[in-house]
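Quick one: sequence and predicted model below, then my questions.
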Amino acid sequence: MALSFIYFGFWWGYRLDELPGLHADEAWAGLMAYAYKDKLDSLTGMNNYTGILQPYLVSLIFHHIDAGVFELRISTVFFNFCGVAIISRVLYHFSRWHVIVFLLIFSQSALLMVTTRIAWEVNTFTLFLMSIILLSIHRLIKTESNSPAYCFLFLVVNLAGTYNHILFSSLSVSLLIGSLICIAGTKRPVPVYLLYILFANIFNLILLFFTMRYLLGLLSLKSGLAVSVIFLFTAMIESFMLSKIRTQGPAGGIKVRPEVITIAILLATCTFLVFHSSALLDVLTNYKILTNIYSYTPSILEKVLLFALGSLFLVCIFYSLFADFFRKTAFVWPAVVILSYMGILSIYTTNNSFRYYLIIYVMLSVYITHKIVLSPHRKKIMVALTVSFFLMNFSLIEIYLVPHRKLKAVELVVGNGQDENSGHFLPKKPLIDFLKSKKAGQIIYGSDRYFIEQPVLFYRKLNPWPEDINNSVIVDFNPFTVGNGFILMEKTKPLP
């Protein structure tokens with residue numbers, strides 16, 4: 001297991017300040033972090049469904065350590081590292097094999113190996129907060145009591161995750177809905193005390209949603225902080241009250257015809273298949289993530305192998321989920337929660353951004369880990385995951401260790417027709433060196449101005465360079481020729 005963490009530490013930390021190139025949203029967070037060093041005047045992030053956990057954390061790092069791309073991203077690496085460690089610790093309570101299989105699933109995933117290097121609020125906190133939720137639920141179920149400490153931890157982590165990004169609340173909704181479905185239609189219902197905690201959690205998140213949606217942006221900083229304290233105090237009171245509930249055993253009393261539950265699960269699955277299955281397949285096959293973030297184009301053989309392995313993984317996942325649901329096995333509760341999440345995700349968003357699949361990937365990884373360990377075909381599945389692991393590392397070696405790799409801005413389609421451009425993640429050194437050498441005082445941006453301008457502003461904030469207002473340059477992404485990925489031109493001055 002120690003070797004696994006060395007592996008993660010290397011691939012998450014090596015050339016962290018260079019690869020992938022600084023994304024515009026990262027640069028925006030870095031600029032906000034600079035602004036927060038002088039004044040913090042709002043508790044809302046880029047919009048009213050995100051908070052400021054990411055830029056504020058970065059501002060503390062900038063203030064106490066140093067400012068730079070490495071410092072901007074290091075907290076993302078740290079929290080993901082902690083998340084993997086906590087989940088591994090929970091799985092170790094089952095067996096050592098659970099940890100091995102889980103780490104292998106994670107280590108062969110481009111989603112987990114690459115997005116942990118990108119300082120988006122979703123990437124930074126999702127895995128870590130989910131690991132705390134898993135730990136809390138595990139302890140609550142194992143001790144068969146509603147411990148006030150773990151109740152409070154569960155409630156606060158869900159509040160923090162939802163404040164960080166509203167999509168995180170989809171996990172809480174699916175936990176409650178999946179639990180209610182289990183109570184209504186299976187012989188393996190969830191403990192009643194856990195159901196009470198899930199209801200209290202949803203109540204808190206509804207209040208938080210309306211606060212963020214309609215109030216937080218209008219409140220002063222002091223008022224916003226007071227509201228935050230109220231939420232924490234509410235969670236503390238709820239935890240104390242829940243700990244006094246002595247009802248034990250399974251929850252019951254909800255009677256629904258089995259056909260209704262089956263139709264609901266199938267409907268949730270069908271909506272997911274329509275809006276998200278193609279993107280999830282892209283996540284499992286890895287190569288589109290590598291193309292999107294590193295402008296890396298694998299060979300045809302690599303694509304065929306990765307597509308075959310990803311497709312096999314996806315089929316195994318759905319087979320296991322429906323087998324557990326229809327046979328009402330010991331894994332019916334996590335299976336129903338995951339199937340419910342598929343329907344809930346389609347309500348939250350139909351966009352196919354890769355970061356939106358972190359939650360479901362973590363859920364599926366923990367779930368399928370148990371299934372693989374208990375499967376009679378475990379050795380065959382481990383061989384397939386190992387092949388995917390080596391293919392993944394072959395790609396990473398070529399990306400990170402081959403010097404002066406030639407690139408271009410690759411335009412690709414993700415999922416159900418969502419357009420992405422790898423130019424957003426191109427290394428920015430050639431661009432910045434060009435602007436410095438030309439002392440560019442005026443920059444004329446081509447397409448996707450935001451994705452070029454924000455990194456330029458951040459690098460200029462880090463290390464200002466001389467500018468001449470009379471010097472104009474044209475910059476854009478270059479999808480046509482291989483080189484540094486940019487079109488960099490000095491604008492011709494008119495003859496006197």
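It's in.

Using the record's assignment, carve this structure into domains.
2-400, 428-490 (automatic domain parsing).

need these in TSV with mean neighbour count, can you?
Where you see a C-beta, it was placed from the backbone N, CA and C, and this is true even at glycine. Formatted as TSV, the domains of the chain follow (neighbours: other C-beta atoms under 10 Å):
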stretch	mean neighbour count
domain 2-400	18
domain 428-490	16
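
Which one of those domains lies nearest to K408?
Smallest distance to K408 across the domains of the chain (C-beta to C-beta): 5.0 Å, for domain 428-490.

will you turn the domains of the chain into JSON lines that also has distance to E411 and mean pLDDT?
Conversion of the domains of the chain to JSON lines gives the following (distance: least, C-beta to C-beta, whole Å; pLDDT from 0 to 100):
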{"stretch": "domain 2-400", "distance to E411": "10", "mean pLDDT": "90"}
{"stretch": "domain 428-490", "distance to E411": "6", "mean pLDDT": "90"}
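
a markdown table please, covering those and showing distance to L412.
Compiled in a markdown table, the domains of the chain are given as follows (distance: least, C-beta to C-beta, whole Å):
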| stretch | distance to L412 |
| --- | --- |
| domain 2-400 | 6 |
| domain 428-490 | 10 |
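
Nearest to G415, out of those domains?
Closest to G415 of the domains of the chain is domain 2-400 (C-beta to C-beta; 3.0 Å).

can you pull out the helices in the stretch 101-250 of the chain?
For the stretch 101-250 of the chain, the helices defined by DSSP state H, counting those that start in this stretch occupy 110-114, 121-143, 148-164, 169-185, 192-210, 221-243.

now the stretch 301-450 of the chain
Assigned by DSSP H, counting those that start in this stretch, the helices in the stretch 301-450 of the chain fall at 332-348, 358-374, 378-401, 429-438, 449-462.

now these as CSV including distance to Y163?
Formatted as CSV, the helices of the stretch 301-450 of the chain follow (distance: least, C-beta to C-beta, whole Å):
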stretch, distance to Y163
helix 332-348, 16
helix 358-374, 16
helix 378-401, 33
helix 429-438, 34
helix 449-462, 23
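
Go through these and name the closest to H138.
Ranking the helices of the stretch 301-450 of the chain by distance to H138, with C-beta to C-beta as the measure, places helix 358-374 first at 10.3 Å.

The closest one to helix 148-164, inter-axis angle?
Relative orientation of helix 358-374 versus helix 148-164 (axes from the mean of the first three to the mean of the last three C-alpha atoms, to 10 degrees): 130 degrees.

how far does helix 358-374 sit from the chain's center?
Helix 358-374 sits 15 Å away from the centroid of its parent chain (C-alpha atoms, centre = their mean, to the nearest Å).

helices or strands up against that helix?
When contacts are defined as 3 or more C-beta pairs under 8 Å, 6 or more residues apart in numbering; DSSP states H and E, helix 358-374 packs onto helix 69-92, helix 96-107, helix 110-114, helix 121-143, helix 169-185, helix 300-327, helix 332-348, helix 378-401.

any chance of these in TSV, plus distance to F272?
Shown next, in TSV, are the helices and strands packed on helix 358-374 (distance: least, C-beta to C-beta, whole Å):
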stretch	distance to F272
helix 69-92	24
helix 96-107	20
helix 110-114	17
helix 121-143	19
helix 169-185	11
helix 300-327	10
helix 332-348	3
helix 378-401	23
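
Among these, which comes closest to N421?
Here helix 110-114 is closest among the helices and strands packed on helix 358-374 (C-beta to C-beta), at 16.2 Å.

Residues in contact with that closest one: which ones?
Under the criterion C-beta atoms under 8 Å, 6 or more residues apart in numbering, residues 11-12, 20, 80, 106-107, 127, 283, 286-287, 289-290, 293-294, 354, 357-358, 361, 392, 395-396 lie in contact with helix 110-114.

from the chain's centre, how far out does that helix sit?
On C-alpha atoms, centre = their mean, the centre of helix 110-114 falls 10 Å from that of its chain.

Residues contacting stretch 156-174, please?
With C-beta under 8 Å, 6+ apart, stretch 156-174 has contacts from 49-51, 53-54, 121-122, 125-126, 129-130, 132-133, 136, 198, 201-202, 204-205, 208-209, 212, 231-232, 235, 337-338, 340-341, 344-345, 348-349, 356, 359, 363.

Need the CA coordinates for it. PDB is fine.
The C-alpha trace of stretch 156-174 is given here as PDB (Å, rounded to 0.1, in the frame of the first residue of the first chain):
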ATOM      1  CA  VAL A 156     -21.200  19.400   8.400                       C
ATOM      2  CA  VAL A 157     -19.300  17.700   5.600                       C
ATOM      3  CA  ASN A 158     -22.500  17.600   3.400                       C
ATOM      4  CA  LEU A 159     -23.000  21.300   4.200                       C
ATOM      5  CA  ALA A 160     -19.400  22.100   3.200                       C
ATOM      6  CA  GLY A 161     -19.600  20.100   0.000                       C
ATOM      7  CA  THR A 162     -22.900  21.600  -1.100                       C
ATOM      8  CA  TYR A 163     -21.600  25.100  -0.300                       C
ATOM      9  CA  ASN A 164     -18.400  24.400  -2.300                       C
ATOM     10  CA  HIS A 165     -20.500  23.300  -5.300                       C
ATOM     11  CA  ILE A 166     -24.300  22.600  -5.400                       C
ATOM     12  CA  LEU A 167     -23.700  19.400  -7.400                       C
ATOM     13  CA  PHE A 168     -22.400  17.800  -4.200                       C
ATOM     14  CA  SER A 169     -25.900  17.800  -2.800                       C
ATOM     15  CA  SER A 170     -26.900  15.300  -5.400                       C
ATOM     16  CA  LEU A 171     -25.100  12.700  -3.300                       C
ATOM     17  CA  SER A 172     -27.200  13.400  -0.300                       C
ATOM     18  CA  VAL A 173     -30.500  13.300  -2.300                       C
ATOM     19  CA  SER A 174     -29.600  10.000  -3.800                       C
END
